[in-house]
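A.B. asks: Structure, please.
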Amino acid sequence: MTTERNNLLRVEEAAEFLNVKPSTIRAWLLRRKLACVRIGQRAIRIPRAALEKLITDGTVPVRERHNGL
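C.D. replies: Residues are numbered from 1 along each chain as shown. Okay, here's the model as predicted:
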């Protein structure tokens, strides 16, 4: 259970992880761009895996140059 709890981040921790403002995390949660776990009526935790998926899904592959360099 300790491992599971370490993988659930508060909004502020998730914002620090992604280097964005907490308000950005809250906006993404409202738009359902980011998954969360609701604990009670007010507490929200974001799974670390959801943050890593957001990074992976947003990663754009580097284009290769066609001029031989």
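
A.B. asks: Got phi/psi on the residue positioned nearest the centre of the chain?
C.D. replies: Most central residue of the chain, judged by C-alpha distance to the mean C-alpha position with CA atoms, centre = their mean, is residue 51 at 2.4 Å. Here is the backbone geometry of residue 51 (degrees, to the nearest 10): phi -70, psi -40.

A.B. asks: Can you list the buried residues in stretch 19-32?
C.D. replies: Across stretch 19-32, burial judged by 16 or more other CB atoms under 10 Å covers 25, 28-29. Backbone N, C-alpha and C define where each C-beta goes, glycine included.

A.B. asks: Also stretch 47-67?
C.D. replies: Buried, per 16+ other CB under 10 Å, within stretch 47-67: 47, 50-51, 54.

A.B. asks: Reformat these as JSON lines; add pLDDT.
C.D. replies: As requested, the buried residues of stretch 47-67 are arranged in JSON lines below (pLDDT from 0 to 100):
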{"residue": "47", "pLDDT": "96"}
{"residue": "50", "pLDDT": "94"}
{"residue": "51", "pLDDT": "95"}
{"residue": "54", "pLDDT": "90"}
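
A.B. asks: No more questions from me, cheers.
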